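Enquirer: make a model of this:
(one chain, ligands or ions: 3)
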Amino acid sequence: METIVIKFGGSSLSTTEKIKNAAERIVRIKQQGKKVVAVVSAMGKTTDQLVELAGQINANPAKREMDMLLTTGEQMSISLLSMALADKGVDAISLTGWQAGIVTENIHSNARILDVKTTVLKQKLDEGKVVVAAGFQGVTEEGEITTLGRGGSDTTAVAIAAILGAERCFICTDVTGVFTSDPRFVPTARKLPSISYDEMLELANLGAGVLHPRAVEFAKNYGVALEVRSSVEDEEGTVIEEEVSMEKNLIVRGVAFEKGMTRLTILGLNNQLNGLSSIFTVLADHQIDVDIIIQSQTDTDKTNLSFSIKTKDLENAMEVLEEHKQKIGYEGLEHEVNLAKVSIVGSGMVSNPGVAAQMFQTLASNQIQVKMVSTSEIKISVVVNEEQMERAAQALHEEYKLGAIVAEAVK
Ligand code: ADP
Ligand code: ASP
Ligand code: MG
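Expert: Ligands and ions are numbered 1, 2, ... in the order given. Prediction:
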């Protein structure tokens, strides 16, 4: 008997009515003779509300306690969905992350899944039960409760699908699939029938919040057949797969963007061989993610170094750099906040020179100044002022005719 893993996001479970609808969908899959694991997020904005609640009590709560608090959101959903299934005559059992065997590394608030111990999952499925598992949470080998980072329920679903060798993993959400850009900000965005793991991974890493990046990583590594689709509409969603045969000629497949970036510049950095390594080691030791890095050679013994980080990490980064000023050897720090990153992604870029030139021309003709650039084989990212982010995304979406091309492809 084949297994299906189906994940429902918070917006798809925000009311009791929606929970009943999710149960309805599960019943239909069960009736096809499948084993079903449902993975759920916390209802609606519950996680945000819990974060806010903690903030009213302590401005800097311990990550362990935050994990303890946030995991309660998913625990509400699993029990309610199981009750909804029972009400429809389906034998269902709710399992927390640790009951479902989700073992993670020993890091709070952003842990990676190390293993899924399947004994309980398999036993419940063999008994004919629908398993309703809590997304976003796990347990360390030492018995500590952890979370997987915001949006992490997708990763729970894909990890379970991978380990059970599921026929398919459905990610049910409030959009009908993966679009050429976020439809909330780019009204002409169109649904993609399919997208490759690599392109999806870039889009997710570059801010397309529709899938948690680690979920895509898991899916790629284990060859999980993944589909993003609507939790209400019956239409087909977007399949994420190894090779995308359709639209091969499409150079750019999507535009992603992300706010909340800051450019930090280290002025008058001593030009020593180990200068760069000591800066980035110190930042990494404090869990500060560095994104785009630009080094300019000003004269023979001094250089300036700029890099982008998340604005939420700015205070911490400044503190850490000040603390190690002597060791690193620099003259001063400067920063610019309210920046955003806008990226174009597409595997066709590899063999098409001129994509970057076209991107910069488009931005220039829209009076958008580029502050930083970074490229890889299948993406180009630029850092711009936050208030220009949406316009940049829309202009690029139009320039590469993303709405039109996809509309033609699905005809
Ligand atoms: P869930 O609660 O179901 O996990 P999310 O809010 O995490 O839902 O993800 C769905 C949202 O992702 C959509 O409402 C949409 O605004 C946003 N999104 C961003 N980029 C894209 C994209 N390229 N395609 C589709 N949706 C996107
Ligand atoms: N509830 C968590 C969040 O809001 C996890 C998830 O939804 O995937 O980030
Ligand atoms: Mg999500």
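Enquirer: OK, contacts around the closest residue to ligand 2 within the stretch 151-300 of the chain?
Expert: Nearest residue of the stretch 151-300 of the chain to ligand 2, counting by CB to the nearest ligand atom: Ser153, 3.2 Å away. (C-beta placed from N, C-alpha, C; glycine too.) By CB atoms under 8 Å, 6 or more residues apart in numbering, Ser153 lies in contact with Lys7, Gly9, Val39, Val40, Ser41, Glu74, Gly135, Phe136, His212.
Enquirer: got it, and Ser11?
Expert: Applying CB under 8 Å, 6+ apart, the residues near Ser11 are Gly44, Thr173, Asp174.
Enquirer: how about Ala86?
Expert: Residues near Ala86 by CB under 8 Å, 6+ apart: Ala92.
Enquirer: picking up where we left off before, and the gap between the residue of the stretch 151-300 of the chain closest to ligand 2 and Ala133?
Expert: Per CB to CB, to the nearest Å, Ser153 is found 9 Å from Ala133.
Enquirer: in the stretch 301-411 of the chain, where is pLDDT below threshold?
Expert: Low-confidence segments of the stretch 301-411 of the chain (pLDDT under 70): 405-411.
Enquirer: nearest spatial neighbour of the residue in it that ligand 2 sits nearest to, chain-adjacent residues omitted?
Expert: Per CB to the nearest ligand atom, Lys312 is where the stretch 301-411 of the chain lies closest to ligand 2, at 15.0 Å. Computed as CB to CB, 6 or more residues apart in numbering, the closest residue to Lys312 that is not its neighbour in sequence is Gly260, at 6.7 Å.
Enquirer: which SS state does that neighbour fall under?
Expert: At Gly260, secondary structure determined by DSSP: H, G, I helix; E, B strand; the rest coil is strand.
Enquirer: ok now do it, which residues does it touch?
Expert: Lys310, Thr311, Lys312, Ala340.
Enquirer: and for Thr96?
Expert: Thr96 touches Thr71, Glu74, Gln75, Ile78, Ala133, Ala134, Gln137, counting by CB under 8 Å, 6+ apart.
Enquirer: now do the SS call for the second one.
Expert: Reducing the assignment to helix, strand or coil with three-state DSSP, the entry for Glu74 is helix.
Enquirer: where's it relative to Gln297, distance?
Expert: When Glu74 is compared with Gln297 (using CB to CB), they lie 50 Å apart.
Enquirer: so what's Asn338 up against?
Expert: Contacts of Asn338 by CB under 8 Å, 6+ apart are Thr311, Asn385, Glu386, Glu387.
Enquirer: strands of the stretch 101-250 of the chain, residue ranges please.
Expert: 102-104, 113-116, 130-134, 137-139, 145-147, 168-173, 194-196, 226-230, 238-241 (DSSP state E, counting those that start in this stretch).
Enquirer: so which elements touch the first one?
Expert: The contact analysis (3 or more CB pairs under 8 Å, 6 or more residues apart in numbering; DSSP states H and E) places strand 102-104 against strand 113-116, strand 137-139, helix 153-164.
Enquirer: and Ile26, which of those is closest to it?
Expert: helix 153-164 (13.3 Å; CB to CB).
Enquirer: near ligand 1 at all, the closest one?
Expert: No - judged by CB under 6 Å from any ligand atom, helix 153-164 stays clear of ligand 1, getting no closer than 6.6 Å.
Enquirer: so what sits opposite Thr104 in the bridge?
Expert: Taking DSSP bridges as the rule, Thr104 bridges to Ile113.
Enquirer: what's the answer for Ser306, then?
Expert: Thr265, Ile294.
Enquirer: give the rounded mean pLDDT of the strand or helix carrying Arg25.
Expert: According to DSSP states H and E, Arg25 maps onto helix 16-31. Mean pLDDT, computed over helix 16-31, is 97.
Enquirer: in it, what's buried?
Expert: Applying a neighbour-count criterion of 16 or more other CB atoms under 10 Å, the buried positions in helix 16-31 are Lys18, Ile19, Lys20, Asn21, Ala22, Ala23, Arg25, Ile26, Val27, Ile29, Lys30.
Enquirer: I'd like to know which elements that helix is packed against.
Expert: Packed next to helix 16-31, using 3+ CB pairs under 8 Å, 6+ apart, are strand 3-8, strand 35-40, helix 63-87.
Enquirer: between these, which one is closest to ligand 1.
Expert: Judging the helices and strands packed on helix 16-31 by CB to the nearest ligand atom, what sits closest to ligand 1 is strand 3-8, at 7.1 Å.
Enquirer: paired strands for the closest one, with orientation please.
Expert: Using DSSP bridges, strand 3-8 pairs in its sheet with strand 35-40 (parallel), strand 168-173 (parallel).
Enquirer: count of neighbours near the closest residue to ligand 3 within the stretch 51-200 of the chain?
Expert: Taking CB to the ion, ligand 3 has its nearest neighbour within the stretch 51-200 of the chain at Gly151, 4.1 Å off. A count of nearby residues for Gly151, using other CB atoms under 10 Å, gives 21.
Enquirer: gap between the closest residue in space to it that isn't next to it in sequence and Gly9?
Expert: Nearest residue to Gly151, sequence neighbours excluded (CB to CB, 6+ apart): His212, at 4.3 Å. As judged by CB to CB, His212 and Gly9 stand 10 Å apart.
Enquirer: cool, Leu276 as well?
Expert: Applying CB to CB to Leu276 and Gly9 gives a distance of 40 Å.
Enquirer: equivalent analysis for Leu283, please.
Expert: For Leu283, the distance to Gly9 - CB to CB - is 32 Å.
Enquirer: now do the buried residues in the helix or strand hosting Ile309.
Expert: In the assignment (DSSP H and E), Ile309 maps to strand 302-310. By neighbour count with 16+ other CB under 10 Å, strand 302-310 contains the buried residues Thr303, Asn304, Leu305, Ser306, Phe307, Ser308, Ile309, Lys310.
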